[in-house]
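*Asks:* generate a structure from the sequence data that follows.
(one chain, ligands or ions: 2)
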Amino acid sequence: MLCLAQASPADWTARALAQLDEVLVDHAHCERKAAGMAVQLLFRYPEHAFLQEPLSRLAREELAHFEEVLRILAERGVPLRRQKPAAYAGRLRSEIRSADPERLIDTLLCSALIEARSCERFRLLAEAVADASLAAFYRGLLAAEARHHRIYVELALELAPEAAVRERLEVLSAWEARAIAEGPPRARMHG
Ligand SMILES: [Fe+2]
Ligand SMILES: [Fe+2]
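*Replies:* Ligands and ions are numbered 1, 2, ... in the order given. Next comes the predicted model:
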């Protein structure tokens, strides 16, 4: 159960397939950023023992994904280049409450939603790409990102009762859906 309030726009897959190299470059950045976000939480909350091992392992998995995407880019002869940040993550994070523990709960749930959106889009790509090895790559990733989604929700459940976490996840998922809907239609993993 991925908790997304809204599926991706119907034309997202066609847009992504038409600019697959662009999507792969964006994907590489997303994996690196996912690792960075997890590591940032390790720095920010050393007192929370329950975060340390799960987020350390998650960060390593994201970096392994990053290396896999780098390899695919190299095979396709596509250079990794700097990218203008998408509005999506900033818009999503603007809903994060400013004082802990709410700040941490919201940060974990936003990460859960980012993972859920990646997972949804890897499924769309796995079903649509013509290249069998690329399809298999996306299928492998969607399972990992679904697991990451669950880990982030479970970590939030360490900080608040289930009903409160579910309620907040609903609010943030509506906000996430809005961030997707309002973003300019581009060939990005998010937005
Ligand atoms: Fe990943
Ligand atoms: Fe992930």
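*Asks:* use CA for all of it now, contacts and neighbours both
*Replies:* Will do.
*Asks:* quick one: name the residues of this structure near ligand 1.
*Replies:* Residues of the chain lying near ligand 1 by C-alpha under 5 Å from the ion: 31, 62.
*Asks:* low pLDDT regions in the chain?
*Replies:* 1-2 (pLDDT under 70).
*Asks:* for it, give the residue positioned nearest to ligand 1.
*Replies:* Relative to ligand 1, the nearest point of the chain is residue 62 (4.3 Å; C-alpha to the ion).
*Asks:* what's the local residue count around that residue?
*Replies:* The number of residues packed near residue 62 is 24, by other C-alpha atoms under 10 Å.
*Asks:* do the same with residue 39
*Replies:* 18.
*Asks:* so how far is residue 6 from it?
*Replies:* 29 Å (C-alpha to C-alpha, to the nearest Å).
*Asks:* where's residue 81, which helix or strand?
*Replies:* Per DSSP states H and E: residue 81 is located in neither a helix nor a strand.
*Asks:* correction: the previous question concerned residue 6.
*Replies:* With DSSP H and E as criterion, residue 6 is part of no helix or strand.
*Asks:* show me the contacts for the closest residue to it other than its chain neighbours.
*Replies:* Excluding its sequence neighbours, the residue lying closest to residue 6 (C-alpha to C-alpha, 6 or more residues apart in numbering) is residue 177, at 5.6 Å. With contacts defined as C-alpha atoms under 8 Å, 6 or more residues apart in numbering, the neighbours of residue 177 are 4, 5, 6.
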